[in-house]
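>>> Next come a sequence and a model predicted from it.
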Amino acid sequence: MTLQVDENRVAPHPVLSRYYTDEAQRQRYLKSAFQETAEHYDSINNWMSFGSDRWYRRQALVRSGLQAGMRMADVGCGTGLVSGIAREIVGPSGHVFSIDPSLGMISEAVAGGRTIAPVVGKAEALPIADESVDFLCMGFALRHVADLEVTFREYLRLLKPGGKLLLMELTPPRKGFVRFCLKTHMRYVVPVLTRVFTGSKAATLLYEYCWDTFDMCVPPEKVVSTLAAVGFEGPSQHVVIRVFSEYTAHKPA
Ligand SMILES: C[S@@+](CC[C@H](N)C(=O)[O-])C[C@H]1O[C@@H](n2cnc3c(N)ncnc32)[C@H](O)[C@@H]1O
């Protein structure tokens, strides 16, 4: 499932040569890193966020307009942290597709009872019909796509007219005390504790990689302008607790 990418693509971050040197290698790296880390993902996520992981995702979904009865797609669903909460919100009359390229991650989502509609696929080429969802969410996975523009066109295709988009990301401030604390925690404390608690080298490296991708990610203005360029209406970035970006937009009605 290696995607061919255009030379002129809008990549979410530059090449990170410590981990890979070309696009095929980046995709192989991500596949094996998430596969090997899947069993540890929930517990690491829980302690590294001081237990706020589920609470925050619920707040963001409700703030962005997810409601009972909606059909929703959770893209880059991982172990289903967003999907599980979304299923509670949409209730029995709604539906949540949980989509991820990693079999390991998606298996955890199924085993944890957070999804009953798992779909293996990448954001850039989703195996879901046109105009089939009212709400599409991507939680902390935007940095892993190959091309923002291709991804956002695909999101527009999937959404019904008037449908809503939510992208959750971590956006480190460029300088100051909050940046110092966040970097110390995410780049040094989390990888070291991950090594101590899991013994997994792959998981340790993945958390170092994650910080590097957060830090090297294109600026929020680029995410917003790319959403507008592909045809989303009202794209904007809402910042919560100085570090969490919630990008929202909707498909023209
Ligand atoms: C940090 S996890 C986020 C999981 C979940 N959304 C959450 O909120 O915890 C990132 C996920 O993105 C997935 N991913 C990697 N490349 C992707 C792509 N091209 N399209 C969609 N998901 C991708 C990974 O397999 C992984 O499960």
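Sure thing, it's come through.
>>> Could you pull up the mean pLDDT of stretch 24-42?
The pLDDT scores in stretch 24-42 average 95.
>>> can I get the CA coordinates of that stretch in CSV?
The C-alpha coordinates for stretch 24-42 follow below in CSV (Å, rounded to 0.1, in the frame of the first residue of the first chain):
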residue,chain,number,x,y,z
ALA,A,24,8.8,5.0,0.2
GLN,A,25,11.1,4.7,3.3
ARG,A,26,8.9,7.1,5.3
GLN,A,27,5.8,5.0,4.6
ARG,A,28,7.7,1.8,5.5
TYR,A,29,9.0,3.4,8.7
LEU,A,30,5.5,4.5,9.8
LYS,A,31,4.0,1.2,9.0
SER,A,32,6.5,-0.8,11.1
ALA,A,33,6.6,1.9,13.9
PHE,A,34,2.8,1.9,14.5
GLN,A,35,2.6,-1.9,14.1
GLU,A,36,5.3,-2.4,16.8
THR,A,37,3.9,0.2,19.1
ALA,A,38,0.2,-0.6,18.8
GLU,A,39,-0.1,-2.7,22.0
HIS,A,40,1.5,0.1,24.1
TYR,A,41,-0.2,3.1,22.4
ASP,A,42,-3.2,3.5,24.8
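>>> any residue of that stretch up close to the ligand?
Yes. For stretch 24-42, a contact with the ligand is found by Cβ under 6 Å from any ligand atom, at 30, 34. Quick note: C-beta positions are derived from backbone N, CA and C, even for glycine.
>>> residues making contact with that stretch?
Stretch 24-42 is touched from outside by 2-3, 15, 19-20, 44, 78-79, 81, 101-105, 107-108, 112, 144, 146, 194, 197-198, 200, 202-203, 205-206, 209, with contacts defined as Cβ atoms under 8 Å, 6 or more residues apart in numbering.
>>> Ok, stretch 107-123 next?
Identification of contacts with stretch 107-123 by Cβ under 8 Å, 6+ apart yields 1, 3, 38-39, 41-42, 74-81, 83-84, 87, 95-101, 103, 106, 126-128, 138, 141, 145, 151, 154-155.
>>> The same query, at a cut-off of 6 Å, please.
With contact meaning Cβ atoms under 6 Å, 6 or more residues apart in numbering, stretch 107-123 is reached by 38, 75, 77, 79-80, 83-84, 97-99, 101, 106, 127, 145, 151.
>>> Quick one: end-to-end length of it, please.
End-to-end span of stretch 107-123 (Cα to Cα, to the nearest Å): 18 Å.
>>> Average pLDDT for it, rounded please.
For stretch 107-123, the per-residue pLDDT averages 97.
>>> Leaving out the residues flanking it, which one is nearest to His13?
The shortest distance from His13 to any non-neighbouring residue, by Cβ to Cβ, 6 or more residues apart in numbering, is to Met216 (4.2 Å).
>>> repeat for His95
In space, His95 is closest to Arg71, 4.7 Å off (Cβ to Cβ, 6+ apart).
>>> Show the model's pLDDT score for the one you found.
Looking at Arg71, its pLDDT stands at 98.
>>> So what does it have for phi and psi?
The phi and psi values for Arg71, taken as degrees, to the nearest 10, are phi -100, psi 130.
>>> number of nearby residues for it?
By other Cβ atoms under 10 Å, 17 other residues sit near Arg71.
>>> Let the chain start at 50 from now.
From this message on, residue numbering opens at 50, which makes the last subject Arg120.
>>> how near is it to Pro167?
Here the criterion is Cβ to Cβ, to the nearest Å. By it, Arg120 lies 16 Å from Pro167.
>>> repeat for Met121
The gap separating Met121 from Pro167 is 14 Å, by Cβ to Cβ.
>>> Looking only at neighbour counts, state which of those two leads.
Comparing Met121 with Pro167 by other Cβ under 10 Å, the one with more neighbours is Met121, at 27 against 19.
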